[in-house]
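>>> Sharing a sequence plus its predicted fold:
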Amino acid sequence: MDSLQELVHFLHDFAEGIFPDSDPLFLILDGDSDRFLPLEECRPDVAEPLRGLQRKMEKAGIASEFARYLRSTKDPQIVTFADGENLHPFLKAVTETYPSWFGLPILVRQHCIGYFLLGSHASTHYSSEDLRFFHALFSQNGGHIRHLVLFESELNNIRHQSPEKISHGELIGQSEKMLKVYDLIDLVAMSDATVLITGENGTGKELVALAIHKQNYRRKGPFVIASCSAYSPSLLESELFGHEKGAFTGAIRQKKGRIERAQEGTLFLDEIGDISLATQVLLLRFLQDRRFERVGGEETIVADVRVLAATNRDLRRDVEEERFREDLYYRLNVFSIHVPPLRERKEDIPLLSRHFLKKFSLKEGKKIQGISSDAMKALMDYNWPGNVRQLENALSYAVIINQEETIKRKHMPPFLKETGGEPTRISLSENERGLILQALEESNWNKHDAARRLQLSRSTLYSKIHRYGLVKGAGQVNRSI
C-alpha cells in the first residue's frame, strides 16, 4: 500500500467483510503529540464513525489522556466487551454505544502507535480464532502503519517546499498545458458551478477535483468520491442516493448515500460516462433541484453539495449515439477542464520523475541521488499509455529493486528495458502478481469471483492483494491504465 489512506481502507474493508454491520475504528497517534490522526482524507464510511468517536472523547475530556495512556502501554492483549469490570475507564467510555466490541493496541517493537477498535451494532460473538487472527494482522501491519505515518509527514514537508509555479495541490507539472489547467482551477474553484473534468485514465482527474474542493469555501466539508464504473446500475443507485431499511434483499438498515454524505461539501462523480440511462434520469433530477429520495423511501431530501464529474469518454459522441442524455451532458458541462495526457507534456517527465523518486526513496528508506541519463532517455522516449499513474508505478518499481545511488536503465520495469534490447527476466512473484491482477480486473474486482477463477480461498486472496499492494484502478506498470 502506497499511502496510509489505502492501508486503512484495506484493513477497514477486510474487518467489515468478516464482521458486517460494524465500525472498524483506527485511533492512530499523530507523531509524538497527544492527538489522534483525524484521517479526513479517508472515505466517509471510515472517517465519519472515527470523527464521532473522537468528538465523544474530546467532549468527555479524555482524548489526550487516552493518547498518553497508549504511549505508555506495552501490553498487546486484546480486550472485549466481555471483560466487564476489568476494563480500563477509557474503554468503558468510548465503547458504551456498541452492544459488542473488541480492541487491541497497535504495537511496533513494544512501542504503541495507536489502537484498533471494532464496534458491532448488534450482539456478536468473537471466537478466540477471530481474535488471534486480528492480533496477528495488526502485528504484521503495525510497522507499515508507523512507516506510512512518518512517510506522509515527510511528503507533506516536500510538497510545502515545492515552488508554486511547478505544482498546484498534488498536481505536478510546469508545461504550458498544465499551467493552463492550474489557471482554470483557480477560475472555477471559488464558484459553485458544476465542473466536467475530462482526460484519459491516469492523468490526474481526481487530483484536479480535489484541488478545486480545497480552494472552495466548502473545503472544511467532506470530499466524497462516487466511482460510477464500480457498481451495477441498481447498486450505483443505492450508493448515490442511499436506501431505506427493507428496500431490497440485504437492506438490513437505513443507509445514507454518497450524495447525503457529501452534505456541505463536494461530490466527485468519477467515470460519469459509465452510468446507465435509468440512473442518468435520477441524476438529472438531482442536478436540477438538488433534491432526491433514498431507494425505497418517500421523504424528499435537500442536498447542499457541489458536484464535480470526470470521464475518460467522449461524452459528446455518446450523446450523438444516444448512450448519454443530452440534457444531463449540459447540466454537467457547465465548466470543463481537460487534463492532457503525459505524451503531450513530456517536458514534465523529469520533474514528475524526481518527485516520485523522492517520494519512493523516503518510503523505502533509501538514499537514491538521481536518475541516470540513459534511464531518463528511456522515460522520455516512451509514450506512457497509462499516463502519470504508469510513470509513478515505473519509478516505484525502479526504487524497490535498486541497490545503488542512481536509478539506471537496468532498474526500469521490463516494458522500458525492452526498448533498449536488454533481456527481460520475470520472477515467479511478478507472474503471480500479474495473474492475480488480471483475475481481479476480469471480474471487475469482485473478490469472490476472482478467488474462484484463481482457485484460492478468499482469505488467501486478501492476503496476496495486501502483499503485492494491489489497488483497484492502479493497473500494472506495463499496461494501459
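Thanks, I have it.
>>> Residue 470 contacts residue 438, doesn't it?
No - with contacts counted by Cβ atoms under 8 Å, residue 470 stays clear of residue 438, the gap being 10.8 Å. Yep, even glycine has a C-beta here, placed from its N, CA and C like the rest.
>>> what about the closest residue to residue 200 other than its chain neighbours, neighbour count?
Distances taken as Cβ to Cβ, 6 or more residues apart in numbering place residue 341 nearest to residue 200, at 5.0 Å, with adjacent residues excluded. Neighbours of residue 341 under the rule other Cβ atoms under 10 Å: 19.
>>> show me the contacts for residue 341.
When contacts are counted by Cβ atoms under 8 Å, 6 or more residues apart in numbering, residue 341 touches 199-200, 203, 384, 387.
>>> Residue 470 and residue 438: who's more crowded?
Higher neighbour count among residue 470 and residue 438: residue 470, with 20 against 15, using other Cβ under 10 Å.
>>> what about the closest residue to that one other than its chain neighbours, helix or strand, and which?
In space, and not counting its chain neighbours, residue 470 is closest to residue 437: 5.8 Å by Cβ to Cβ, 6+ apart. Counting by DSSP states H and E, the element that carries residue 437 is helix 428-442.
>>> buried set for that helix?
433, 436-437, 439-441 (16 or more other Cβ atoms under 10 Å).
>>> Reformat the residues you listed as JSON lines; add pLDDT.
Listed next are those as JSON lines, based on pLDDT from 0 to 100:
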{"residue": "433", "pLDDT": "76"}
{"residue": "436", "pLDDT": "83"}
{"residue": "437", "pLDDT": "81"}
{"residue": "439", "pLDDT": "79"}
{"residue": "440", "pLDDT": "81"}
{"residue": "441", "pLDDT": "77"}
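>>> Now tabulate those in a markdown table and tack on distance to residue 236.
Output for the buried residues of helix 428-442, formatted as a markdown table (distance: Cβ to Cβ, whole Å):
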| residue | distance to residue 236 |
| --- | --- |
| 433 | 30 |
| 436 | 26 |
| 437 | 24 |
| 439 | 23 |
| 440 | 20 |
| 441 | 19 |
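>>> residues touching residue 376, list them.
349-350, 353.
>>> in the stretch 51-200 of the chain, which spans are strands?
For the stretch 51-200 of the chain, the strands defined by DSSP state E, counting those that start in this stretch cover 79-80, 100-108, 111-120, 167-168, 171-172, 195-198.
>>> Name the pair among the buried residues of helix 428-442 with the greatest separation in space.
Maximum pairwise distance in the buried residues of helix 428-442, criterion Cβ to Cβ, is 12.4 Å, between 433 and 441.
>>> From residue 199, how far off is the residue nearest to residue 200?
As judged by Cβ to Cβ, to the nearest Å, residue 341 and residue 199 stand 7 Å apart.
>>> Report pLDDT for the residue nearest to residue 200.
In this model, residue 341 is scored at 95, pLDDT.
>>> again, but for the one 3 residues further on
Looking at residue 344, its pLDDT stands at 93.
>>> That one - nearest residue in space that isn't next to it in sequence?
Nearest to residue 344 is residue 177, by Cβ to Cβ, 6+ apart, at 6.4 Å.
>>> Please report the number of neighbouring residues for that neighbour.
If we define neighbours as other Cβ under 10 Å, then residue 177 has 15 of them.
>>> Identify the residues contacting it.
Counting by Cβ under 8 Å, 6+ apart, residue 177 has contacts 340, 344-345.
>>> Out of the residues you listed, name the ones that lie in helices.
Assignment to helices by DSSP state H places none of those there.
>>> For stretch 174-189, buried residues please.
Quick answer for stretch 174-189 (16+ other Cβ under 10 Å): 175, 178, 181-182, 184-185, 188-189.
>>> Identify whichever of the strands of the stretch 51-200 of the chain lies nearest to residue 358.
Among the strands of the stretch 51-200 of the chain, if distance is taken as Cβ to Cβ, the winner is strand 171-172, at 11.2 Å.
>>> Give the partner strands of the closest one in its sheet and their orientations.
Sheet pairing here is set by DSSP bridges, and for strand 171-172 it gives strand 167-168 (antiparallel).
>>> which of the strands of the stretch 51-200 of the chain is buried the deepest?
Of those, the one with the most neighbours on average (mean count of other Cβ atoms under 10 Å) is strand 195-198, at a mean of 24.
>>> what helices or strands is the helix or strand just after that one leaning on?
Next along the chain after strand 195-198, taking DSSP H and E as the criterion, comes helix 205-215. If you count contacts as 3 or more Cβ pairs under 8 Å, 6 or more residues apart in numbering; DSSP states H and E, helix 205-215 packs onto strand 171-172, helix 176-189, strand 195-198, strand 223-227, strand 266-270, strand 306-311.
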